[in-house]
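let's see this in three dimensions:
(2 chains)
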Amino acid sequence: MIRMRKAFDVTTLPGFTFIAITAFVLLYAPIVTLVIYSFNGGNSVNLWGGFSLKWYAEAAGNEAVQGAAVRSFIIAVSASGIATTVATMAALGTTRRGKFKGQTAIYIMINQPLMVPEIVTAVALLIFFSSIKIATGYTGLGYLIIAHAAFCVPFAYLPIRARLEGMDLTMETAAADLYATPWQTFRYVTLPILMPGVIAGAMLAFVISLDDVIITEFVKSAGQDTLPTYMLGQLRRALTPEVNAISTALLALTVVILTAFFLITRKRD
Amino acid sequence: MSGPGRSKAANGWLLSAPALLLLLVAASGPLLIVAVYSFLEKGDYSGVRWILSGEAWFRVLFERDIFDGTVSLADANLSIFWRSVKLSLATTFITFALGLPTAWFIATRPPKARAVWLFLITIPFWTNLLIRTFAIMEVIRNQGLLNTFLINLGVISEPIQILYTDTAVLIGMAYVYLPLMVLPLFAAIDRFDFKLIEAGYDLYATRWRILRSVVLPIIKPGIVAGCILVFVPSLGAYVTPRVLGGGKNMMIGNFIELQFGQGQNWPLGAALSMVLLVIVMGALLIYTRVSSRDDPHA
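This next block holds a predicted model:
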């Protein structure tokens, strides 16, 4: 039986496996090269000068990088926190209780950041926030946090909604039968079951915020570089080894968060 | 609980209100301002003067000679539009050619291995676009991996200038958007019933015939989704052409940015943003039409 399948496997198409492997190699070769060269001890990005962590030390000691890292972190934590909170509420309001009037409008609104080209949103926010900056005189990180929170909403919403759609209402009904108040039902029944979805949504929102370049570039005031805009600003003819090191650090963080995300969402199956 | 219909809607809207408010302030609302700005006169340095004007929309396609006032097509703008569309279509094509076999390969692995391969596609997908653009730049620049490799191999004696050309932008976009093509294709192939292929072979169809007449029509919604998901961000790309095109080889996204930077023509930038938005919305509309018509699972 197994032999027969091997002799004639209906799932194999000519050349497909070769192209697929090539695609994986093409996807990973540049990233792996970037990572390897971030450990380069030499002063040039072209020549290998032995393994060293000196560019990491250099980046960590650079005040501009420290400032950008702290800013990136503050923005990502605040924005993903806000986005996850409002997305959880919206997901509770738009699932499990049947269709209602205007639901499609809410979906469209929530998914808007996925549809509108980022450069257009960036320009729109530049226009809007620059007039508010002039009117109020406030130029703090608030603008970046609000802008990030907005485009993170769909990324937080989708996993939470997916989790909710897999839950029926029996647990909540049972709680209500036992005289739990709606708040108690939510706090002790719905939320604990929903938690993996909420955490998954928050993690995606965090990664999306941490990675943003375009909107940040347009909304930030002077001296508000985040790590990505700092790296873009450093760009010359070739990458500096320092940017290489920051890239690798960010890449490692993304992989860690993603692995956690997959482990959390996998449990549910 | 109280009456069903009305309270359900009220509850839904009430719970969604904070999200909608946030999106209204920092996404939808500002878009309306862009639409308004595109009909205003440009300010002396930046910003706008609050005078109604069609000048920005006129300047999207045409230009007026500063001496005799004759109107002609704005060649510079047209070439930027054309480059954007051409590069985006080419990116879509390349990613499809590579993405279909890749998605097929992943979908036909045994379950455990499939999860691993899928994860390997997801990592680049979630990795910072800027970092991936940097990575591909390191490969194609003159002293980069590719040229060094080819020179050591003896294929070429001088490095090929790829960086800061349209080819570089194309390679870069195909590289960064490939996962966006693979994921929806995988979702479609994953649901594909492989018994149909057996049936095809039983009827003496060739492999090519099976791919063309059985597989492709059934996974069409996934193909359309993948193509839209690659085409739309390619058309609005900003980071990749800026880094790999080196400022010369602009696409619409960079051209828009220019109007808010050195160009100092906010109404023109606003009008160009609207043009880009309309094209993207058109593509998405085609997608929803096609997927609702063809998708038996919808």
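
got any ranges where the stretch 101-250 of chain A has weak pLDDT?
Where the stretch 101-250 of chain A drops to pLDDT under 70, the residues are A:237-238.

give me the residue from it nearest chain B.
residue A:117 (2.9 Å; Cβ to the nearest Cβ). To be clear about C-beta, it is placed using only N, CA and C from the backbone, and glycine gets the same treatment.

that residue touches residue B:234, doesn't it?
No - look at residue A:117 against residue B:234 with Cβ atoms under 8 Å: they stay out of range, at 10.1 Å.

number of nearby residues for residue A:165?
12 (other Cβ atoms under 10 Å in any protein chain shown).

relative to chain A, which residue of the stretch 101-250 of chain B is the closest?
residue B:236 (2.9 Å).

how distant is stretch A:198-216 from the center of its chain?
3 Å (Cα atoms, centre = their mean, to the nearest Å).

dump that stretch to CSV, restricted to CA.
Output of stretch A:198-216 as CSV, limited to C-alpha atoms (Å, rounded to 0.1, in the frame of the first residue of the first chain):
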residue,chain,number,x,y,z
VAL,A,198,-6.8,38.1,24.0
ILE,A,199,-3.2,37.3,24.6
ALA,A,200,-2.7,36.2,21.0
GLY,A,201,-4.3,39.4,19.8
ALA,A,202,-2.2,41.6,22.1
MET,A,203,1.0,39.9,20.9
LEU,A,204,0.2,40.5,17.2
ALA,A,205,-0.7,44.1,18.0
PHE,A,206,2.6,44.5,19.8
VAL,A,207,4.6,43.1,16.9
ILE,A,208,2.8,45.3,14.4
SER,A,209,3.3,48.4,16.4
LEU,A,210,7.0,47.6,17.0
ASP,A,211,7.6,47.1,13.3
ASP,A,212,5.8,50.2,12.0
VAL,A,213,7.9,52.5,9.8
ILE,A,214,5.7,54.6,7.6
ILE,A,215,3.0,56.0,9.9
THR,A,216,5.6,56.6,12.6
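
quick one on the thing from earlier: contacts only, for the residue nearest to the residue of the stretch 101-250 of chain A closest to chain B when sequence neighbours are not counted.
Distances taken as Cβ to Cβ, 6 or more residues apart in numbering or on different chains place residue B:236 nearest to residue A:117, at 2.9 Å, with adjacent residues excluded. For residue B:236, the contact set (Cβ atoms under 8 Å, 6 or more residues apart in numbering or on different chains) comprises A:117, A:118, A:119, A:120, B:252, B:253, B:276, B:280.

which among the residues you listed end up buried?
Among the contacts of residue B:236, those classed as buried by 16 or more other Cβ atoms under 10 Å in any protein chain shown are A:117, A:118, A:119, A:120, B:252, B:253, B:276, B:280.

quick check: residues of the stretch 151-269 of chain A near chain B?
When proximity is defined as Cβ under 8 Å from any Cβ of the partner chain, the stretch 151-269 of chain A approaches chain B at A:151, A:153, A:157, A:207, A:210-211, A:213-214, A:218, A:228, A:231-232, A:235, A:237-239, A:243-244, A:247, A:250-251, A:254-255, A:258, A:262.

which ones among these are found in helices?
A:151, A:153, A:157, A:207, A:210-211, A:214, A:218, A:228, A:231-232, A:243-244, A:247, A:250-251, A:254-255, A:258, A:262 (DSSP state H).

from residue B:271, how far out is the residue nearest to residue A:117?
Using Cβ to Cβ, to the nearest Å, we find residue B:236 at a distance of 15 Å from residue B:271.

still on that earlier bit, among the contacts of residue B:236, which ones are in helices?
Under the assignment DSSP H, the contacts of residue B:236 contribute A:118, A:119, A:120, B:252, B:253, B:276, B:280 to helices.

mind putting these into JSON lines with distance to residue B:132?
Below are the ones in helices among the contacts of residue B:236 laid out as JSON lines (distance: Cβ to Cβ, whole Å):
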{"residue": "A:118", "distance to residue B:132": "16"}
{"residue": "A:119", "distance to residue B:132": "18"}
{"residue": "A:120", "distance to residue B:132": "22"}
{"residue": "B:252", "distance to residue B:132": "21"}
{"residue": "B:253", "distance to residue B:132": "17"}
{"residue": "B:276", "distance to residue B:132": "23"}
{"residue": "B:280", "distance to residue B:132": "22"}
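
how about those, which pair is most distant?
A:118 and B:252 (12.4 Å; Cβ to Cβ).

tell me which stretches of chain B form strands.
Here chain B has its strands, by DSSP state E, at B:40-42, B:48-52, B:62-64, B:71-73.

what's the most buried one of these?
Comparing the strands of chain B by mean neighbour count (mean count of other Cβ atoms under 10 Å in any protein chain shown), strand B:40-42 ranks first with a mean of 19.

and that strand, average pLDDT?
Strand B:40-42 carries an average pLDDT of 89.
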